[in-house]
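Enquirer: just coords:
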């Protein structure tokens, strides 16, 4: 069976990696929440060899992730653990970094809340959480493509939609995380960096 493939992931992984190699420079163990196809894990493990990259996702997505891991084996790339943020137990391990891409606008809001709370609990003091994806600012989507994407998301499933940055930042603060960076990325996305203080 062919591996799942995301063109958006292939397009964005190099520019994301440029930020991660800077903000994760002194980190060792990363939990990726919502590994999706598995492409990001494969790419980042290869290009950031000082990191142990733990993939995770809901169990139904594991077959695809495992195919990517098997086709691109690396000692620092770890097969996925089951993590539905609303129903599965979070790993007992602690991490000094966490990463999630294109999840907040797909998950229902209660899952976004649970993701931030869980990451806040599993991050070590000084740990960094990076979240990638499109965002609203004060309710505004400036890019026409994001307006169209937001409309399309809500047509697919009503609970989906591009999230408000300030609401996400409040969840981060509630989880003990402090905003460090808000990076503009290609295709009208953002890469937000928080640190557990």
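Expert: That came through, no problem. These numbers were taken from a predicted model, which means no experiment stands behind them.

Enquirer: quick one: average pLDDT of the longest helix along the chain?
Expert: Secondary structure of the chain per DSSP state H: the longest helix is helix 7-23. Averaged over helix 7-23, pLDDT sits at 96.

Enquirer: Repeat that for stretch 102-122.
Expert: Average pLDDT, stretch 102-122: 98.

Enquirer: what ranges do the helices span in this structure?
Expert: Going by DSSP H, the chain shows helices at 7-23, 39-47, 62-71, 109-122, 144-156, 165-174.

Enquirer: orientation of the shortest one relative to helix 62-71 in degrees?
Expert: This points to helix 39-47. Put simply, helix 39-47 runs at 20 degrees to helix 62-71, going by axes from the mean of the first three to the mean of the last three C-alpha atoms, to 10 degrees.

Enquirer: and helix 39-47, how far from the chain's centre?
Expert: Computed by C-alpha atoms, centre = their mean, to the nearest Å, the chain-centroid distance of helix 39-47 equals 13 Å.

Enquirer: May I see the buried residues of that helix?
Expert: By 16 or more other C-beta atoms under 10 Å, the buried positions in helix 39-47 come out as 39-45. All C-beta atoms are positioned from the backbone trio N, CA, C, and that covers glycine.

Enquirer: name the helices or strands packed onto that helix?
Expert: Applying 3 or more C-beta pairs under 8 Å, 6 or more residues apart in numbering; DSSP states H and E, one finds that helix 39-47 contacts helix 7-23, strand 29-32, strand 52-57, helix 62-71, strand 77-82, strand 95-101.
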